[in-house]
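Colleague: A predicted structure for the sequence below; I have some questions about it.
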Amino acid sequence: MIYTNLPHTNLEVSKICLGTMTWGKQNTEAEGHEQMDYALEQGVNFFDTAELYPVPAHPDRKSETEKIIGSWFKAKGNRDKVVLASKMAGKADFTKFIRSGGFARESIIDAVEGSLERLQTDYIDLYQLHWPDRNTNYFGKRGYKHSGSDLWEDNIHQVLETLRDLIREGKIRYVGISNETPWGTMRFLEESKVHASLPRISTIQNPYNLLNRLFEVGLSEISMREKVGLLAYSPLGFGTLSGKYLGGMQPATSRITLFPQYDRYSSETAVAATTKYHKLAQENDMSMAQMALAFVSSRPFLTSNIIGATSMRQLEENIASIDINLHEEVLKGIEEIHNMIPNPAP
């Protein structure tokens, strides 16, 4: 395994992070435990979860993923071997069953306390805001459209104050953001620079893969200059970059078959690009999944690559991608395809 430092911390994390959002829906508790056992054996010491998980979110499965991780910690007694990240759900129609208060102080405290109880731990190493508390372009929206009726009040100072107080209490250690824009990222950084007592964001968890490299447009420069590490999610684009959906295939238990509303990576142009990446991988004697994951892991702004799997075979292949170094001809081929069909799945 390769390790990096969580920016602005002394925490060493594996460059492969274990994603968990299928546990409690597509995966059972026993399967989640098996995945964590194997990942830790392979040197993966960084796990990412969220109070929203499993996805799709549903009141009957509320925060089931965190409970599965908590039962594993209790059974194994190895909390000290894991750098644990979790996330607070933002305000949205599909999260009203969790709470409706957005990132108000009492909501943040409630979210942290709930996660600690379910995870059966005294602290969370990295606590993240799952998506912005304002109307902006995330979750597949390519461009920002401003509305004059948007009455959002800039509460970022108060959010950081609340997170600071939770750090002082020892309940969380460091903070990050997710699904953020360049403006939002700089706004958080600005606030902590002007007010030295406020915590500085360490990471940003955004989508990044061969079909969606929009992080490179504005956020990559911020990441490099400000040392805000990318935690890349969906590095396989909901599994499309494994090639399993090519040719109209619909594997019975796969994510997009079960939940066709998740069509972010299934447009005509995305399929065309995926077909070209698949051919490139075949020509270079590797699976497309491992090529796609190795590409993400090779980026200079990456802190950790969040992989997920519903089977042990997938998990083994995904973790093993850390051992692949893409040679120049493959990287050149990737850029040629990207220039031909850039970012077909924002």
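Modeller: Done, it's in. Numbering: from 1, shown residues only.
Colleague: surely residue 31 and residue 23 touch.
Modeller: Yes. The pair residue 31 / residue 23 is scored as a contact, 7.3 Å apart, by CB atoms under 8 Å. For every residue, glycine as well, the C-beta is placed using N, CA and C.
Colleague: the more surrounded of these two?
Modeller: residue 23 (27 against 18; other CB atoms under 10 Å).
Colleague: what strand or helix carries residue 35?
Modeller: helix 29-41 (DSSP states H and E).
Colleague: quick check: which helices or strands does whichever helix or strand comes after that helix pack against?
Modeller: Downstream of helix 29-41, the next assigned helix or strand under DSSP H and E is strand 46-48. The helices and strands touching strand 46-48, judged by 3 or more CB pairs under 8 Å, 6 or more residues apart in numbering; DSSP states H and E, are strand 16-19, strand 83-88.
Colleague: who does the helix holding residue 35 touch, helix- and strand-wise?
Modeller: Judged by 3+ CB pairs under 8 Å, 6+ apart, the packing partners of helix 29-41 are strand 16-19, helix 64-76, helix 312-320.
Colleague: just checking, what packs against the shortest one?
Modeller: Think strand 16-19. Using 3+ CB pairs under 8 Å, 6+ apart, strand 16-19 is in contact with helix 29-41, strand 46-48, strand 302-307.
Colleague: if we use 10 Å, what do you get?
Modeller: Where contact means 3 or more CB pairs under 10 Å, 6 or more residues apart in numbering; DSSP states H and E, strand 16-19 is packed against helix 29-41, strand 46-48, strand 229-233, strand 302-307, helix 312-320.
Colleague: and the strands in this structure?
Modeller: Using DSSP state E, the strands assigned to the chain run over residues 3-5, 12-14, 16-19, 46-48, 83-88, 124-129, 172-178, 201-207, 229-233, 302-307.
Colleague: next, count neighbours for the closest residue in space to residue 342 that isn't next to it in sequence.
Modeller: Among residues not flanking residue 342 along the chain, residue 213 sits closest, at 7.5 Å (CB to CB, 6 or more residues apart in numbering). By other CB under 10 Å, 20 other residues sit near residue 213.
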